[in-house]
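J.: Compute the structure for the input listed below.
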Amino acid sequence: MIFYNREEELDTLTAAFESPGADFFVVYGRRRVGKTELLKEFCADRPHIYFLAAQGAESRQREKFVDQVADYFDERIPRVNGWDEAFEYLGEKLHAEALVVVIDEFPYLVAENDSVPSYVQGLVDEQLKETDSMLVLCGSNVSTMESEVFGHESPLYGRRTAQLDVRPFSFLQARNVIEYDIADAIRSYSVTGGTPMYLTLFDYEQSLAENVKSQVLSPTAVLYTELEFLLRTELRSPARYMSILEAIALGHTTPNEVAGATGIDSGPLSKYLQTLRRLRLIDREVPVTASGKKSKRSRYRVADEFLRFWFRYVEPNRSSIEEAPDIVYDGTIAPDLSTHTAATFEDVCQEAVWEGVRRGEFDPYSEVGRWWYREEEIDIVGLAPNDDRILFAECKWTSEPVGNALVESLRAKAANVRWGPSDRDERFALFSKSGFVDGLEDQLDESWSLLGLTELDNLLAPD
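T.: Purely as a prediction, here's the structure:
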């Protein structure tokens, strides 16, 4: 896979390696977000040992690890009887020169032997600290990394010198990959999301329709079965998790709604939802004005654009896709894609607000998010408590220009948002795919900002 972006992550790793003394670095994040490519790029021009663990017998994994260490130092392969001896052998060699040692997919080793973290602790405490080398543990199973590396009961707790939580690309970052104009880039992002592997599977010299047909709707395509692969690698019994994800993706966003759609009782459902959050497949949201994490107005949403797309269009049409994928695209996806993309557009606009704050195009806000109460909802609300300033914004991915009706609707909903003093400073913004009716901007005062796709594209262009 071609390496894109991640300059900030590379700079962090580089600064750690070039600083005096040893480093114990932890890199983690969901599958497919590019952790391995990041580490390979970092290691490319540095002395390193890169070991990729796999699901398999512990003894064979240990043999392969020792083989790689011995091969790097051009030595005969020693006989070792356990991971303690394997890491002791590595520790002895680290005194010879400063190098990077990467153990990728570390959770696989832990799954075969739960004492491995203790042996790594011995390496870190007794040998690594006396060198200028860097040990990197990397893993895709976020829950295992959090418990076995970061957890209070882990032997490795408190020993890392730094960590990187590798996340999917934002839309701004993904624009380095997506070679479409702004409208098709947003549509394409609504299919792939920011997962680097998904982004790079598309051929941007072809139309979005052709990419979806060849890379998602083909039964031989990686993305056609991607979700099942992800869940099988993370979970022993994925069927219930699939039903929960499908329910949330199709609009059942509260725990009661999910329970009703899946038939899963609230007790077990709570545990399933927690697991899906740990795997970063869903997010829990509360209104941006809500105080505390225990708000009764919480909602769940699928955390990945591709998963939303897959559950909306692929899962319900598997039989038809097997027979006639073109008909599924033309008859089901194409007529509905604007509705699907509208939710992605809201996220892109929220990202634009943050970018506008960073660039000085918007006033500063410390919190930006959605707001809802009963049947009312505002796409974006920004809060600046120190200045008693609040931003209200709506995002419209429609074929018609936005007019006065949306202005009046937003004003009315803003009056129902309980936050700040009665004389708070209110600002407004409208984002519109199809622009605005003639004369609308002239009718509004300076508290309003109107952004069409051209303004949005400029705001999200690289500095």
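
J.: if I look at the residue lying closest to Tyr28 once chain neighbours are set aside, how far off is Asp423?
T.: In space, and not counting its chain neighbours, Tyr28 is closest to Met145: 4.2 Å by CB to CB, 6 or more residues apart in numbering. Any C-beta I mention is one placed from the backbone N, CA and C, and that applies to glycine too. Met145 sits 48 Å away from Asp423, going by CB to CB, to the nearest Å.

J.: Compare the two (neighbour count), which wins?
T.: Met145 (24 against 7; other CB atoms under 10 Å).

J.: from what I can see, the more buried one looks like it's in a helix, true?
T.: Yes: counting by DSSP: H, G, I helix; E, B strand; the rest coil, Met145 is located in a helix.

J.: and it, what does it touch?
T.: Counting by CB atoms under 8 Å, 6 or more residues apart in numbering, Met145 touches 26, 28, 106-107, 137, 139.

J.: Which stretches in the stretch 301-450 of the chain count as helices?
T.: Taking DSSP state H, counting those that start in this stretch to define them, one finds helices in the stretch 301-450 of the chain at 305-309, 318-323, 325-328, 334-359, 404-414, 440-443.

J.: Just send those helices back as JSON lines, with mean pLDDT, distance to Gly56 and mean neighbour count too.
T.: Putting the helices of the stretch 301-450 of the chain into JSON lines (pLDDT from 0 to 100; distance: least, CB to CB, whole Å; neighbours: other CB atoms under 10 Å) gives the following:
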{"stretch": "helix 305-309", "mean pLDDT": "95", "distance to Gly56": "29", "mean neighbour count": "23"}
{"stretch": "helix 318-323", "mean pLDDT": "94", "distance to Gly56": "32", "mean neighbour count": "13"}
{"stretch": "helix 325-328", "mean pLDDT": "95", "distance to Gly56": "36", "mean neighbour count": "17"}
{"stretch": "helix 334-359", "mean pLDDT": "97", "distance to Gly56": "39", "mean neighbour count": "18"}
{"stretch": "helix 404-414", "mean pLDDT": "97", "distance to Gly56": "56", "mean neighbour count": "14"}
{"stretch": "helix 440-443", "mean pLDDT": "95", "distance to Gly56": "63", "mean neighbour count": "12"}
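
J.: now these as TSV including distance to Arg167?
T.: As requested, these are exported to TSV (distance: least, CB to CB, whole Å):
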stretch	distance to Arg167
helix 305-309	13
helix 318-323	30
helix 325-328	31
helix 334-359	13
helix 404-414	31
helix 440-443	36
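
J.: Out of the ones you listed, flag the one nearest Val177.
T.: helix 305-309 (13.9 Å; CB to CB).

J.: what does the closest one rub up against?
T.: Contacts for helix 305-309 (CB under 8 Å, 6+ apart): 189-195, 198, 216, 223, 226-227, 245, 249, 281, 302, 340, 343-344.

J.: give me the low-pLDDT residue ranges for the stretch 151-300 of the chain?
T.: 292-295 (pLDDT under 70).

J.: Sketch out the helices for it, chain order is fine.
T.: Counting by DSSP H, counting those that start in this stretch, one finds helices in the stretch 151-300 of the chain at the ranges 171-174, 182-192, 196-201, 208-215, 226-234, 238-249, 255-262, 266-278.

J.: Compare those and give me the one nearest Ala352.
T.: Closest to Ala352 of the helices of the stretch 151-300 of the chain is helix 171-174 (CB to CB; 8.5 Å).

J.: gap between the nearest residue to Asp265 once chain neighbours are set aside and Glu315?
T.: In space, and not counting its chain neighbours, Asp265 is closest to Ala259: 6.8 Å by CB to CB, 6+ apart. Ala259 sits 20 Å away from Glu315, going by CB to CB.

J.: Which of the two has more residues huddled nearby?
T.: Neighbours per residue (other CB under 10 Å) separate Ala259 from Glu315, with Ala259 holding more: 19 against 16.

J.: ok, the more buried one - contacts?
T.: By CB under 8 Å, 6+ apart, the neighbours of Ala259 are 265-266, 269.

J.: Quickly name whichever of those is closest to Leu94.
T.: Taking CB to CB as the measure, Leu94 lies nearest Leu269 of those, at 47.6 Å.

J.: you'd agree that closest one is up against Ile244?
T.: Yes: with contact defined as CB atoms under 8 Å, Leu269 counts as touching Ile244 (7.3 Å).

J.: Need the residues touching each of the two.
T.: Looking at what touches both Leu269 and Ile244 (by CB under 8 Å, 6+ apart), the common residues are 258, 262.

J.: Comparing those two, which residue is more hemmed in?
T.: Neighbour totals were compared for Leu269 and Ile244, and Ile244 leads with 24 against 18 (other CB under 10 Å).

J.: Around Asp71, count how many other residues there are.
T.: 11.

J.: Which per-residue confidence value corresponds to it?
T.: Looking at Asp71, its pLDDT is 96.

J.: Against Ser266, how distant is Asp336?
T.: 32 Å.

J.: Also Tyr365?
T.: Tyr365 is 35 Å from Ser266, by CB to CB.

J.: Neighbour count for those two, which is higher?
T.: Tyr365 (23 against 10).

J.: ok, now which ones touch that one?
T.: 353, 357, 382-384, 389, 391.

J.: Leu156 reaches Pro117, doesn't it?
T.: Yes: here Leu156 reaches Pro117: they are 5.2 Å apart, a contact under CB under 8 Å.

J.: residues shared between the contacts of these two?
T.: 148-149.

J.: In contact with the nearest residue to Glu92 once chain neighbours are set aside, which residues?
T.: Distances taken as CB to CB, 6+ apart place Gln127 nearest to Glu92, at 7.1 Å, with adjacent residues excluded. Counting by CB under 8 Å, 6+ apart, Gln127 makes contact with 88, 91-92, 94-95.

J.: So among these, which ones count as buried?
T.: Among these, those classed as buried by neighbour count (16 or more other CB atoms under 10 Å) are 88, 91, 94.

J.: and the residues you listed, which of them are in helices?
T.: 88, 91, 94 (DSSP state H).

J.: Report the central residue of this structure.
T.: Central residue of the chain (CA atoms, centre = their mean): Pro168, 3.7 Å from the mean position.

J.: shouldn't it be in contact with Gly193?
T.: Yes: if you go by CB under 8 Å, Pro168 and Gly193 touch, sitting 6.0 Å apart.
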